[in-house]
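*Asks:* structure of the sequence below:
(2 chains)
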Amino acid sequence: MEDEPFFDRILNKITEIVFYPVNIGGVDILPIVVWLIVAALFFTVYLGFLNIRGFAHAINLVRGRYSKPEDAGEVSHFQALATAVSGTVGLGNIAGVAVAITLGGPGATFWMILAGFLGMSTKLAECTLGVKYRKEHPDGTVSGGPMYYLRDGLAELGLRGLGKVLAAAFAVFCILGSLGGGNMFQANQATAQILAVTGNEGNTGLTWAIGIAFALAVGMVILGGIKSIARVTEKVVPFMAALYLLACLVVILANVEKVPGAFGDIVSGAFSPEGITGGVVGVLIVGFQRAAFSNEAGIGSASIAHSAVKTNEPSTEGHVALLEPFIDTIVICTMTALMIVISGVWEDGEGAEGVALTSSAFETVVPWFPNVLAVAVILFAFSTMISWSYYGMKATGYLFGDNQTAENVYKVVFCIFTVLGSVTALDAVLGFSDAAIFLMSVPNVIGLYILARVLRKELSQYRAKIANGEIQRVK
Amino acid sequence: MSASVIVGIDGSEPSRRAVEFALSLAESQGVGLVVAHVIPWSPYSFNTPTENEERGERKQQELRAATTQIIEPAVEVASGHSCEVTPVVRHGDPVDTLVELAGEFSATAIVVGRTGDSRVKRALFGSIPGHLVHESTIPVTVVP
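*Replies:* Numbers count the residues shown, from 1 in each chain, chains lettered A, B, ... in the order given. Reported below is the predicted structural model:
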C-alpha cells in the first residue's frame, strides 16, 4: 500500500468505513446492502406488492391515458421517467453487470433481477413522497426530492429536528455521491474505454487530456449554460440504449441454442455457486450490490428528477417511477448478463473486467461493435454526469438556500472531480463511488420508514379514486 | 357549442390570408370563427433535468408569446367583422390538436395557410396542411 497515491488512499479509507464487512458464519456481509434490501422487501410487502399490482397502471400513465388536455405543454409522465432513466441507465448496466458476473458468476444475475424487482417498491415510495412534498418557487420552477420530504414530511409528524438533520445529511451525501458515482466513476470508465479502443492503455498523459476534455464539455453545459450540448446528448442517449439492446439481442440470437443453458447457469449459480467466495450469500451480496448501484432504488436520486412532473396526484409519479428499476435492472441488466454468460467470455481467463468484459462479449458476434459501445459508454457517462450534476446542485441549493454562489462553486468542484475521475485507478474510484452513493440511502431510508404510513395512506387514497371512478382515463 | 370555422395560424403571411378567407367563410355561413395557434409539443420528447424543472414557467412564456405575437394580430384583422371570434392557444401536435379543436367547437371547416417548408423538409416529414387533409373529417381549405 506504500506506493498508493495519496488521493487513492483517501478514497479507499472512505470506502472501508461505508463497506465495513460483518462476518457472519464465515461470510462477509455488508450492512449497507442489507439495509437497502430490507427496505425494498419491507415496502414490497407493506404496500401489498403494488410493484406488481400497479404495473399496468404505470404503463397507462406513461402512455398519457390519464393526462388531461390542459396539462399539454407541461412535463409529462413519460418525460419525467425518461429523464430519470437516462440518469440511471449507463455504466451501472454495462460495467456493473460485468463486475457482478466476474465476482459472483452467472448466479449474481438472478439476485440482480430479484433486487430490481424489490427495488421497484422503494422507487415507488420515494418518488411519491418526492412529489408530495416538493416546493414550488415563485418563478414557477419546482424543487423536490428526499431533502424536502425528510424536512417537511417529518416536521408534519412532529419530528422537526430529526427531519432537518436527515435532510441535511442526505444533501451532503448527495453532493458526495454526485462527485463520486455520478461523476468520477463515469469519467473513469469512459476514459478507460477511449484508451482501450484507441490502443493507448497506460498512457497517463492522454488520461489527463481526456479528463480535461470531459470537464470542459460538462463545464460548458452546467457553468456556461450551453444547454444545446445536454439537449443533444439527451436525445441521442435513448437511441444508443436501443442500439445497445439490439446488439445484445444479436449476440443472444446468434447463440440461441445456449440460452436455456445460460438460464440454467444463472439459476443454479444463484443457489449453489461453485468457486465463489462466500457461497450463496457471497453471490447474493454481489448481485444485490450491483443492482442497487445500477438502479439507485432507495438512494433517493430519482426522486429529485421525478419531482418536476405535472400532476395533482403524487401517487401517479410513484407508479411511473416503479418502471425505472424494471427498465434498468430487469430488462437492460438481464440482457447484458445473458449476453456475457452465453458468450462465455467471463470464464475464458483473460482477466477483462468492467466495460472491457462486456465489450469482448459483443466482439464474439459483432466484431465492430466495441467501437459503437465506446461511443455509447461516453454518451451514457456524459448524460449520467449531467443528471448527477443536477442532483448535486439541487442538494447544494437546499443546503445554501438556493444561493447562486454556492451552486457555482459546486459546479466548478464537479468539473475538477471529472478530471480526477479520469486519472484515478478504477478500484479506488469504484469503491468511493459506491460508498458515497450508498451513504445517501441511510437518511433516505430512515425517512421512508418514518413516512411509511403517510405514504400508504396517499397511495391507498389514490387507488380508491381510480376504483370508484373519481380518476378516469381520458383516452 | 354552436358551429364554427377554425383557422389554424402560425404568424406567417399565408396564415394572415387564411384568417381573411376563414372570416369570409364564417360570415357567409353565419357561424363563429375560432382563431387557433398550436405550439408544437410532444409528451414523448427527451429532456434534461433542468429543462423539466423550468417547463412550467416556459409553458406560460410560450402561451404569452403566442398570444401577443400570433393570436392578437389575427384577432385584430377580424375586428371589423360581424362574426364572433374565439382565440385559442394550445400545446400539442399541430395536426392532431386542430382536429381535436374541430370536434370541440363543432367546426364545419378548417382553414390553414400553406406553410413555407423547404423541399427536403417536406419530403422527410410532409407538411402540416398535407397531414391535416389526411386526418380531418371535415373540409380543409389550404390558402396559398
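*Asks:* only C-alpha atoms for contact and neighbour calcs from this point on.
*Replies:* OK.
*Asks:* show me which residues of chain A are close to chain B?
*Replies:* Taking C-alpha under 8 Å from any C-alpha of the partner chain as the test, the list of chain A residues beside chain B reads A:64, A:72-80, A:82-83, A:139-143, A:230-231, A:234-235, A:305, A:308-309, A:387, A:390.
*Asks:* make a PyMOL selection of whichever of those residues turn out to be buried.
*Replies:* For the buried members of these, the matching PyMOL selection, counting by 16 or more other C-alpha atoms under 10 Å in any protein chain shown, is:
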select buried, chain A and resi 64+72+73+74+75+76+77+78+79+80+82+83+141+142+143+230+231+234+235+305+308+309+387+390
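*Asks:* quick one: pLDDT of the nearest residue to A:Met147 once chain neighbours are set aside?
*Replies:* Setting aside the residues directly before and after it, A:Met147 is nearest to A:Ala167 in space (C-alpha to C-alpha, 6 or more residues apart in numbering or on different chains), at 4.4 Å. In the prediction, the pLDDT value recorded for A:Ala167 is 97.
*Asks:* now the one 4 residues further on
*Replies:* Model confidence at A:Ala171, given as pLDDT, is 96.
*Asks:* which SS class is it?
*Replies:* Per DSSP: H, G, I helix; E, B strand; the rest coil, the secondary structure class of A:Ala171 is helix.
*Asks:* what's the answer for A:Gly73, then?
*Replies:* Under the three-state scheme (three-state DSSP), the conformation of A:Gly73 reads as coil.
*Asks:* I'd say it and B:Gln60 touch.
*Replies:* No. Shown here, A:Gly73 and B:Gln60 do not form a contact pair, counting by C-alpha atoms under 8 Å, at 9.1 Å.
*Asks:* where are the low-confidence patches of the stretch 101-250 of chain A?
*Replies:* Filtered on pLDDT under 70, the stretch 101-250 of chain A yields no residues whatsoever.
*Asks:* would you map the helices across it?
*Replies:* Chain-ordered helices for the stretch 101-250 of chain A, with DSSP state H, counting those that start in this stretch as the definition, fall at A:107-132, A:146-148, A:154-156, A:160-179, A:185-197, A:204-222, A:227-254.
*Asks:* the fifth one - contacts with which helices or strands?
*Replies:* Packing partners of helix A:185-197 (3 or more C-alpha pairs under 8 Å, 6 or more residues apart in numbering or on different chains; DSSP states H and E): helix A:204-222, helix A:355-363, helix A:369-399, helix A:404-423, helix A:426-450.
*Asks:* what about it, distance to the chain center?
*Replies:* The chain centroid and the centroid of helix A:185-197 are separated by 18 Å, computed with C-alpha atoms, centre = their mean, to the nearest Å.
*Asks:* got a list of contacts for that helix?
*Replies:* Among residues not part of helix A:185-197, those counted as contacts by C-alpha atoms under 8 Å, 6 or more residues apart in numbering or on different chains are A:91, A:201-203, A:207, A:210-211, A:214, A:355-356, A:370-371, A:374, A:377-378, A:381-382, A:384-385, A:418-419, A:421-426, A:429-430, A:433.
*Asks:* count the neighbours of A:Tyr462 for me.
*Replies:* Residues contacting A:Tyr462 under the criterion other C-alpha atoms under 10 Å in any protein chain shown number 17.
*Asks:* can you name the residue of the stretch 251-400 of chain A nearest chain B?
*Replies:* Nearest to chain B in the stretch 251-400 of chain A, going by C-alpha to the nearest C-alpha, is A:Ala308, at a distance of 5.3 Å.
*Asks:* for that residue, which non-adjacent residue is closest in space?
*Replies:* Using C-alpha to C-alpha, 6+ apart and skipping the chain neighbours, the partner closest in space to A:Ala308 is B:Glu53 (5.3 Å).
*Asks:* mind listing what that neighbour touches?
*Replies:* A:Thr141, A:Val142, A:Ser143, A:Ala308.
*Asks:* do you know how far it is from A:Lys310?
*Replies:* For B:Glu53, the distance to A:Lys310 (C-alpha to C-alpha, to the nearest Å) stands at 10 Å.
*Asks:* repeat that for A:Ala217.
*Replies:* 31 Å.
*Asks:* give me the more crowded residue out of these two.
*Replies:* When A:Ala217 is set against A:Lys310 and neighbours are counted by other C-alpha under 10 Å, the residue ahead is A:Lys310, at 23 against 18.
*Asks:* the more buried one sits in which helix or strand?
*Replies:* Using DSSP states H and E, A:Lys310 sits in no helix or strand.
*Asks:* what's the answer for A:Ile59, then?
*Replies:* Secondary structure from DSSP H and E places A:Ile59 in helix A:55-62.
*Asks:* which strands and helices sit next to that helix?
*Replies:* Contacts defined by 3+ C-alpha pairs under 8 Å, 6+ apart place helix A:55-62 against helix A:77-88, helix A:314-321.
*Asks:* one more time with 10 Å
*Replies:* Using 3 or more C-alpha pairs under 10 Å, 6 or more residues apart in numbering or on different chains; DSSP states H and E as the contact criterion, the neighbours of helix A:55-62 among helices and strands are helix A:77-88, helix A:314-321, helix A:323-325.
*Asks:* in JSON lines: the ones you listed, plus mean pLDDT.
*Replies:* Supplementary listing: the helices and strands packed on helix A:55-62 in JSON lines, determined by pLDDT from 0 to 100:
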{"stretch": "helix A:77-88", "mean pLDDT": "89"}
{"stretch": "helix A:314-321", "mean pLDDT": "95"}
{"stretch": "helix A:323-325", "mean pLDDT": "94"}
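*Asks:* can you lay out the ones you listed as CSV showing distance to A:Asn408?
*Replies:* Supplementary listing: those in CSV, determined by distance: least, C-alpha to C-alpha, whole Å:
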stretch, distance to A:Asn408
helix A:77-88, 21
helix A:314-321, 30
helix A:323-325, 30
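*Asks:* so which of those comes closest to B:Leu101?
*Replies:* Across those, B:Leu101 has its closest neighbour in helix A:77-88 (23.6 Å, C-alpha to C-alpha).
*Asks:* so how far is the closest one from its chain's centroid?
*Replies:* Between the mean C-alpha point of helix A:77-88 and the mean C-alpha point of its chain there is a distance of 12 Å (C-alpha atoms, centre = their mean).
*Asks:* one more: stretch A:461-473?
*Replies:* In terms of C-alpha atoms, centre = their mean, the centre of stretch A:461-473 is set 31 Å apart from its chain centre.
*Asks:* with stretch A:360-369 instead?
*Replies:* Distance of stretch A:360-369 from its chain centroid, counting by C-alpha atoms, centre = their mean, is 26 Å.
*Asks:* quick one: end-to-end distance for it.
*Replies:* First-to-last residue span, stretch A:360-369, C-alpha to C-alpha: 9 Å.
*Asks:* hang on, the earlier thing: so what sits against both of B:Glu53 and A:Lys310?
*Replies:* With C-alpha atoms under 10 Å, 6 or more residues apart in numbering or on different chains applied, the overlap between the contact sets of B:Glu53 and A:Lys310 consists of A:Glu74, A:Val75, A:Ala80.
*Asks:* which single one of the residues you listed is nearest to B:Ile70?
*Replies:* Nearest to B:Ile70 among those is A:Glu74, at 20.8 Å by C-alpha to C-alpha.
*Asks:* for the closest one, give me its contacts.
*Replies:* A:308-311, B:41-43, B:52-60, B:91.
*Asks:* one more: A:Asp328?
*Replies:* A:85-86, A:88-90, A:92-93, A:116, A:291, A:294-296, A:334.
*Asks:* same check, this time on B:Asp10
*Replies:* Applying C-alpha under 10 Å, 6+ apart, the residues contacting B:Asp10 are B:16, B:36-39, B:66, B:69-71, B:74, B:112-113, B:115.
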